[in-house]
Each structure stands twice: as structure tokens, then as C-alpha cells.
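Undergrad: Dropping a prediction and its sequence here:
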Amino acid sequence: MSAHDVSFVMTVYNKEYYLPHVLKALLNQQGLKNPEFIFVDDVSTDNSVQLIREATKDLPHVMIVVNEKNMGISPTENKAIMLAKGEFVRMLDSDDILPIDSTSKMLSLAKKHSADMVYGEFRKTGKKPQDICDEKMSENLQYAYHPDALNTVLNGRFVRMGQLIKRDVLQKSGGADERIFIQDESIPVRSATLAQGVIKISEPVVLVPEEIGNFSGNKSQLNHDRFLVYYYMLTDKHKLPQKALRRMYVKAVSAYWKEFRASSKLPYLSCVFTHYLFVKLFKPLPSRKKLHKMKLFFDKLENIRRTPKHQKG
């Protein structure tokens, strides 16, 4: 049994505007026995690291790691994940606010149902971070337990880092796919292939303050990274049920169609649209030939951020 009930892991890059309030909510998490806090900074050029050091200077079980060179989000996330020693790991972005009772409630549900994953929703508040860093969840949570974690994740919305995952499951899954810049979608999918049960809470466990410069406005980045999550899951020779393979192929083709539609003059007259409809309706097993063709399309996209090890050219 781990000495820590939960490890909080946070990647940081130039978030000094948010951090004082993110840290306040994080360090005031209620009802935990012996949490640990792991921060990995990806070469911030502002005062992010100093703010973390100041806020945590009197606390036990704090680790602050500063990358020697910029690694990108997914490799940095994995660096933090692999350092964790808690029974469960809760990941958060350095511009997200956690309701102060959310972790203890998620942990309680995980133990009650012997679930390896617990997820909740996120809410874009549009508020300043200092106005939401003391919020709590409702007393009577609405949630559902699903024994088939992979099927549930593939058919739901499990993004925005709103999760609590059993550490051994998360680490064994490899965490984030480091070939993909944004980590949000690869973590739950990869973890769910090993997890025994997932709980989905029907209210926010993450509060998003007013947003200043993030990737959510770059739809091409989102389509690119979402496609790659399922491309790699389908081509890395995982032993997965046919039902999961079919669903992943639908998600890969859907991401491709969204990007193709946005860049084509007559998308609805194309064979891409015909294939998209066919896949949506009949859910066939994946075609590797078509997957590779779609990847070539995404590889040519400009204005896409990629991890340093996987830059174009």
C-alpha cells in the first residue's frame, strides 16, 4: 500500500497569471490523508517556478522538477507521471482550478466501487481565477459506474484532464502518447485499455477560468491530435476487442473528416465524405491503407505544434 493516497501531477509552462489561484485550490484540497505534489516545469520564461516554490516551501512531499530543455506537453506530463508514488494520480493543467473537495470525493468513489478511473466534467466559467478557487462540489453527486472502462471512454467525453487514475494502471499504460502534442485524449484511452471500471461524475471536477492563450481555439491542432490518438492505437498492434477497434476507426475518420471539410471547397462532393458516411453507418474494421493515407494528410498540415522529437522534417 502506498504511503500517499494521491499524487497530484502538474506540468507548467508560463502560467504565472493563473498559478497563485490554481495552487491555492490545489494545496487546499480537503479530506486527503497524505498527498504528494509533483510539478514539472517545461522551461518557463516567467515566474512560474518561483511561485510554486514559494507556495509549497513549508509542505512535505513536494517535488519540483525543471526541464533542461523544452520537451513539449506529453513528454513533460509523462515525466511527472512516472515520478508519482501515490495509490492514485490526479493530473491537472496549470491553468485549471479544482473544487477543493473534488479529489476526496473522487477518491471515495474509486474505493467504494473498486474502480481504476474516475472522471468528471469541466466547466468553462469565464471568471477570473481568484473568483473560483474556493468552490466546492454538490453534496449529493450524480455519477455512474461502468465496468467496461475502454468502451465507456470511447463512447463518452473524457478530456480536459479531469481524471483520477490508479497509479499502476496509468504508469503501465505509458501515460500520454509522446508522439502527440496535446495529452488530454491519449491518457484516458491508453489507461482504459488496462483499467478495471470507470466512474463518470455528472458535474464539474475542473473549473476553467477565463482563458488567455490556449490550444482550444486551434481546431486543426485538436483534429490533428485526436486523429493521431486513434491512428496509433490502431496501428501499434494492441490486442483490443473488435468493438473497440471499430469505434476507434470511427473516431479517427471523424477527426479526418472535420479537418478535410474545413479545408476543402466542395467537401460534400468528395469520396472522403462518402467514406465518412460509410464508416459512421456501418462501423467497419479499420483499413490500414486508408489510415496511412489520412495520416499523410495530417502530416502536411501547417501551424500544428508537435513535440520536439516529432517535428516535421
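TA: Received it, and whenever you're ready, just let me know what you need. None of these values were measured; they are calculated from a predicted model. Numbering: from 1, shown residues only.
Undergrad: if I look at Ile100, how far off is Lys219?
TA: According to C-beta to C-beta, to the nearest Å, Ile100 stands 33 Å off from Lys219. From N, CA and C alone the C-beta is placed, and that goes for glycine too.
Undergrad: repeat for Tyr143
TA: For Tyr143, the distance to Lys219 (C-beta to C-beta) stands at 31 Å.
Undergrad: So which bits of the lengthiest strand in the chain are buried?
TA: Looking across the chain with DSSP state E, the single longest strand is strand 198-208. Residues Val198, Ile199, Lys200, Ile201, Pro204, Val205, Val206, Leu207, Val208 are the ones in strand 198-208 that count as buried (16 or more other C-beta atoms under 10 Å).
Undergrad: ok, which stretches of the stretch 151-300 of the chain are strands?
TA: Using DSSP state E, counting those that start in this stretch, the strands found in the stretch 151-300 of the chain span residues 163-166, 198-208.
Undergrad: Only C-alpha atoms, please: export the shortest one in CSV.
TA: The C-alpha atoms that make up strand 163-166 are tabulated as CSV, following Å, rounded to 0.1, in the frame of the first residue of the first chain:
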residue,chain,number,x,y,z
GLN,A,163,-9.4,12.4,-14.1
LEU,A,164,-8.2,10.4,-11.1
ILE,A,165,-6.4,7.2,-12.2
LYS,A,166,-4.9,4.2,-10.4
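Undergrad: What lies in contact with it?
TA: Residues outside strand 163-166 that contact it (C-beta atoms under 8 Å, 6 or more residues apart in numbering): 6, 87-91, 103, 106-107, 110, 116-119, 187-188, 191, 195.
Undergrad: thinking again about what came up before, the more surrounded of Ile100 and Lys219?
TA: A side-by-side neighbour count of Ile100 and Lys219, using other C-beta atoms under 10 Å, places Ile100 first with 20 against 12.
Undergrad: what's near enough to touch that one?
TA: Ala25, Asn28, Gln29, Gln30, Asp134, Glu135, Lys136.
Undergrad: List only those of these flagged as buried.
TA: Taking 16+ other C-beta under 10 Å as the criterion, what is buried in the contacts of Ile100 is Ala25, Gln29, Glu135.
Undergrad: show me the contacts for the first one.
TA: This means Ala25. Listed by C-beta under 8 Å, 6+ apart, the contact partners of Ala25 are Ile97, Leu98, Pro99, Ile100, Ile132, Cys133, Asp134.
Undergrad: out of the residues you listed, who's nearest Phe273?
TA: Ile97 (40.5 Å; C-beta to C-beta).
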